[in-house]
Structures are given as C-alpha cells and as structure tokens.
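Undergrad: With the sequence up front, the predicted model follows.
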Amino acid sequence: MLTKRIKRLSPYVPGEQPQDRSYIKLNTNENPYPPTPLIEPFLKSFDIERLRLYPDPLFGTLRKAISKRYNIDISQVFVGNGSDEVLAFAFYAFFDSVRGNLIFPEFSYSFYPVYCDFYGIEYRKIPLTENFTIDINDYLVEESSCGVVFPNPNAPTGILLPLEKVTALMEHYPADRVVIIDEAYVDFGGESAISLIERFKNLLIIRTFSKSMSLAALRLGFAMGDEGLINALFAVKDSFNSYPADLIAQRIGEIAINDTAYYQAITQKIINNREFLSKALKDLGWHVLPSKANFIFAGKKGLKGEAIYKGLKEEGILVRHFNTEGIQNFVRITIGTDEEIKTLIASIQRLF
C-alpha cells in the first residue's frame, strides 16, 4: 500500500521526551524561562466565540509587528507553523537538483537532509574546519549548486559565522541561487544578517519563536527576505495549507515580538549561564566549543559521548548525544537555570 517515496524516507529524530521520571531537561534547546507574562491576561480574556472563524491566512497583524521589530517592510515577512515548516516550504520553493546539489555543513541541523530526501533534492555536506567552523571558501568552489543553507550560529556546534563572513559569501555566491540562513539561535550572542536582505535579493533569513521567546509549544516561525522570495513561500503555503498559524498563536506571537525588554533580560541570563558553564567545564579539563547559542557542545578526552549521556541520564539529567562519526565524543547541553546548571556541574564533577 505504501509508495516508493515513503519507503525511502529517513525521518528526523527529535530529542527524547521520556515520561518515566522527572528530569532536568537539557537536551532539546528549550528556554528554561517562561514566555512574557503579557500573554496570560490575553488568554484569560480571550473570547472563545472567535474560534468559530478561520484565522487570517496572511498573518497581517503579526507580520506587521515583525516588520516593525526588525525595521523592514511587511512584504518582506512570511509566517508559518514553526521554523521547520518555513524551512520545508523554502526547500520546496527554492532548491532542486537541476542546477546542482544543495550544500550545507557536514555537522548541522539534521532536518536538512530529511527535507532533501522528502523532495528529491540532491545534496552535498561540506566538511567543517578542524576547529568545527564554517569556511565560506568551501561553498564558493562548488562547481554547481542549487543553493546554500546553514544555521548561524551553527547547530550542534554553537559556533557563529561572523557577519562579515556572511557578507563575503553573499557577495561571491551566484545571485540567482538562494542562500538560507537559519537564525534560530542568533539572539543568544550572534549578529543577524537581516541588514543584508535589501542588498541581496537571494538571501532568506528564517527565525523561530521557540528559542529566545520561550514559545516552543506554540509552533510559530517566520522568514524575512526579498518580496519575491516571500511571495514564493506564500504560493507554497497556499498549495498545502492556507491556515498554518492559528488565531491564538498569531496573537501570542504579536505580544511576544513586542516585549523586547523582557526577552532581552532572560536572554542575558542564558548567556551568563552559558559562560559560567563553559568556564566550569574548561576548568575540569573539558573541551568546550565557543558557543553563541543557548547550548554548548562539549566533550572530555578519554570519555565517549554516549557514556557522558548515559551517566547523566542516570542522574536525572538529559543532554543530547549524536552517534555520528566526527562528533560522537561530544554532547550538546542546553543552558538551563542557575540551579539546573549548578546541579549539572556537581553531577559532572562526581561522575567524570
């Protein structure tokens, strides 16, 4: 009964969400702090009569709020059901194998090859440098490619590609091929490339409400780029599902995008805890990659990443391990609250 297509799929595997006990969850890069308190009065006063009507398929008020927040035009903003859906629409709209392979980092967001397999897009993974950084020259020597996509900061490494390097990539990459920068973690110390979208019509920035805005359960993401790219995303969206973002999600997104002071405050807490944890692990002899995300990527010589993961899980602490050649001796650790990070450090000192 199944098609050949479904038999070829290798689905994305999300971070585990075990229910057998209470865990300190440092494995899925969720924000340890609640979203803006301004959401609560909206929910308490919401008129359920409004639920009988379809939501705005153009996301008008939310797109307007996003455009104001980032000082761009509303025509340069698209909204979807989480950044994963926005990415999926973008892969469909902009990448095919007629013009060559899609290229992205060897160690990167593991949903990228899943989208490629789903849509039948040929791809090539570009190795990182020995320091786990992206070398833009490796993306410019590719003889034939249909586009580029990478997270910035990268995941799972957390390493940022500086804006001047992003600019250099855009200056030398073919202008008729789209470059997608997945900025899911940029608020935690990176510099966004939003300022480049006026100059480069082939640049698409994708963001999420899940990380810095503490709204992972809401499933809301957005893209920013040239109006032509945005119109293409709307065409894909309206060929699949005209209403991917519901009424409540759109309104909560608008509230969140406007409360910059609250989110700047909790983001700074996460940055502080990241630096505290990084220093503590380095002092214990661990190798910690320089992160500008809400997580760190770390390992210790002589220890297998799987052993670190299993040992901490027995302690009631979840971290993420990738059983992938080249990074199998690292673990990715989401930055938690002060108390969670102190508990983690104490467990690491005791176990390893």
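TA: Yes, it's here. Numbering: from 1, shown residues only.

Undergrad: before we move on, which element is M224 in?
TA: Using DSSP states H and E, the element containing M224 is strand 221-225.

Undergrad: Following element in sequence after that strand, please.
TA: helix 227-237.

Undergrad: buried residues in that next one?
TA: By neighbour count on 16 or more other Cβ atoms under 10 Å, the buried set for helix 227-237 is L229, I230, A232, L233, F234, V236, K237. In this view, the C-beta of every residue, glycine as well, is placed from N, C-alpha and C.

Undergrad: can you tell me the helix or strand for R207?
TA: Per DSSP H and E: strand 203-208 holds R207.

Undergrad: Show me how far stretch 121-134 is from its chain's centre.
TA: 17 Å (Cα atoms, centre = their mean, to the nearest Å).

Undergrad: ditto for stretch 286-301
TA: Stretch 286-301 sits 17 Å away from the centroid of its parent chain (Cα atoms, centre = their mean).

Undergrad: now stretch 119-132
TA: 17 Å.

Undergrad: hang on, the earlier thing: could I get the average pLDDT for the strand holding M224?
TA: Averaging pLDDT along strand 221-225 gives 98.

Undergrad: and if you look at stretch 119-137?
TA: Taken as a whole, stretch 119-137 carries a mean pLDDT of 96.

Undergrad: From one end of that stretch to the other, what's the distance?
TA: Terminal residues of stretch 119-137 lie 27 Å apart, using Cα to Cα, to the nearest Å.

Undergrad: now do stretch 253-263
TA: Criterion Cα to Cα; first-to-last residue distance in stretch 253-263 is 13 Å.

Undergrad: For the stretch 1-150 of the chain, give me the ranges with low pLDDT.
TA: Along the stretch 1-150 of the chain, segments meeting pLDDT under 70 span 142.

Undergrad: for it, what spans make up the strands?
TA: Shown for the stretch 1-150 of the chain, the strands assigned by DSSP state E, counting those that start in this stretch span residues 24-25, 77-80, 101-105, 123-126, 145-151.

Undergrad: okay, those, which one's buried deepest?
TA: strand 77-80 (a mean of 26; mean count of other Cβ atoms under 10 Å).

Undergrad: what about dumping the CA coordinates of that strand to PDB?
TA: Coordinates of each C-alpha in strand 77-80 appear next as PDB, following Å, rounded to 0.1, in the frame of the first residue of the first chain:
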ATOM      1  CA  VAL A  77       7.900  38.800   6.100                       C
ATOM      2  CA  PHE A  78       6.400  35.300   6.000                       C
ATOM      3  CA  VAL A  79       4.900  33.300   8.900                       C
ATOM      4  CA  GLY A  80       4.500  29.600   9.300                       C
END
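
Undergrad: Excluding chain neighbours, what is closest to the spatially most central residue of the chain?
TA: The centroid of the chain falls nearest to A184 when counting by Cα atoms, centre = their mean (3.3 Å). Take A184 and drop its neighbours on the chain: the residue closest to it by Cβ to Cβ, 6 or more residues apart in numbering is T208, 4.9 Å away.

Undergrad: again, but for I134
TA: In space, and not counting its chain neighbours, I134 is closest to L161: 5.1 Å by Cβ to Cβ, 6+ apart.

Undergrad: Contact partners for the one you found?
TA: L161 makes contact with T133, I134, I136, F150, N152, P153, N154, according to Cβ atoms under 8 Å, 6 or more residues apart in numbering.

Undergrad: and it, backbone torsions?
TA: The phi/psi pair for L161 (degrees, to the nearest 10) reads phi -90, psi 120.

Undergrad: Show the pLDDT at it.
TA: 98.

Undergrad: about what we covered before: for the strand holding R207, which helices and strands make contact with it?
TA: helix 83-94, strand 178-182, strand 221-225 (3 or more Cβ pairs under 8 Å, 6 or more residues apart in numbering; DSSP states H and E).

Undergrad: Could you dump the ones you listed into CSV and include distance to G60 and mean neighbour count?
TA: Output for those, formatted as CSV (distance: least, Cβ to Cβ, whole Å; neighbours: other Cβ atoms under 10 Å):
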stretch, distance to G60, mean neighbour count
helix 83-94, 17, 23
strand 178-182, 24, 26
strand 221-225, 13, 25
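
Undergrad: and of these, who's closest to K44?
TA: Comparison of these against K44 by Cβ to Cβ identifies strand 221-225 as nearest, at 26.0 Å.

Undergrad: residues in contact with L62?
TA: With Cβ under 8 Å, 6+ apart, L62 has these contacts: V79, A245, Q250, R251, G253, E254, I257.

Undergrad: Sounds good, over and out.
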